[in-house]
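[1] need a structure here:
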Amino acid sequence: MQHVAMDAATSRLDIPPAYEVVVDRLRRTILLSIYRPGDKFPPERVHAEQLGVSRVTLREAIRVLEGEGLVETRRGATGGVTVLDRRVSVDALRRRLRDSLGELEGVSDFRLANERCAAERAATRITREQLEGLEASINAMRDCESVAEFRAADSSFHIGVAQAADCALLRRAVEDARIELFTYLDALDYELALPTTISAHRRILAALRTGDPKRAGRAMGRHLTTTWAEALAVIEEPAG
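    Numbers count the residues shown, from 1 in each chain. Predicted coordinates:
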């Protein structure tokens with residue numbers, strides 16, 4: 001056993017190229033709706049400085065994202081790197097949901113455990129500024145007019161709760177689960193989901209304001225359980 005431990009400790013590190021790290025960062029910002037369809041990345045020089053990488057590294061990362069169909073680069077004075085809309089039909093999403101149901105149920109359980117934990121931790125750590133940020137996310141959701149806007153506001157709220165939990169590992173787990181489930185949750189009619197989601201977010205926010213971890217965890221748990229039940233109900237709907 002000691003030899004195995006030594007081998008693991010002394011084995012050569014597999015360090016990814018810098019552009020792969022940039023690809024992962026930018027892909028996450030798109031899949032979490034920090035950048036939405038139609039949004040443009042900052043100009044190359046500015047973007048490279050923001051990320052702390054060379055312009056060559058950034059270009060390599062953009063080429064990978066273009067190959068994945070996440071962005072496109074347009075030339076000219078009004079050009080730049082634009083985020084694409086990758087949504088597919090509800091029928092196609094329904095088929096994906098059926099084919100991946102077992103795996104997605106596991107992701108949903110993973111999400112439930114981590115986001116409930118995040119809400120419980122946030123209840124005793126959240127700041128006034130963070131509470132105001134969550135309120136702003138709810139207001140943005142109330143005024144949204146598209147799936148992209150709904151998803152961005154929803155993501156802002158849930159990641160805001162995870163941020164308030166003050167645990168980097170937990171926040172990444174929340175982000176990872178949302179990325180895995182986002183495509184399938186888009187099968188829901190956001191206009192139908194909007195009222196229940198806003199109500200659920202307000203209950204979570206009210207619980208966080210009281211500083212009661214158990215209440216906050218229960219509110220988050222009920223919300224995510226309802227959302228998953230709504231997603232599963234999409235399977236039973238007749239094809240359009």
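[2] check the gap between the residue nearest to the spatial centre of the chain and Arg172 for me.
    In the chain, the residue lying closest to the centroid (Cα atoms, centre = their mean) is Leu32, at 3.3 Å. Noted for Leu32: a distance of 11 Å to Arg172, by Cβ to Cβ, to the nearest Å. All C-beta spots, glycine's among them, are computed from the backbone N, C-alpha and C.
[3] please apply the same query to Ala92.
    The value you get for Ala92 to Arg172, if Cβ to Cβ is used, is 29 Å.
[4] same check, this time on Arg111
    13 Å.
[5] again with Asp39
    Taken as Cβ to Cβ, the span from Asp39 to Arg172 is 23 Å.
[6] avg pLDDT for stretch 47-66?
    For stretch 47-66, the mean pLDDT works out to 95.
[7] number of residues surrounding Val83?
    22 (other Cβ atoms under 10 Å).
[8] list the contacts for it?
    Ile30, Tyr35, Arg36, Pro37, Gly38, Asp39, Lys40, Phe41, Leu70, Val71 (Cβ atoms under 8 Å, 6 or more residues apart in numbering).
[9] now tell me which helix or strand of this structure has the poorest mean pLDDT.
    helix 2-10 (a mean of 55; mean pLDDT, DSSP states H and E).
[10] Arg86 is in contact with Gly69, isn't it?
    Yes - at 5.9 Å, Arg86 counts as touching Gly69 under the criterion of Cβ atoms under 8 Å.
[11] higher neighbour count, these two?
    Under the criterion of other Cβ under 10 Å, the comparison of Arg86 against Gly69 puts Arg86 first, with 13 against 9.
[12] the more buried one - that's part of a helix, no?
    No - per DSSP: H, G, I helix; E, B strand; the rest coil, Arg86 lies outside any helix segment and is coil.
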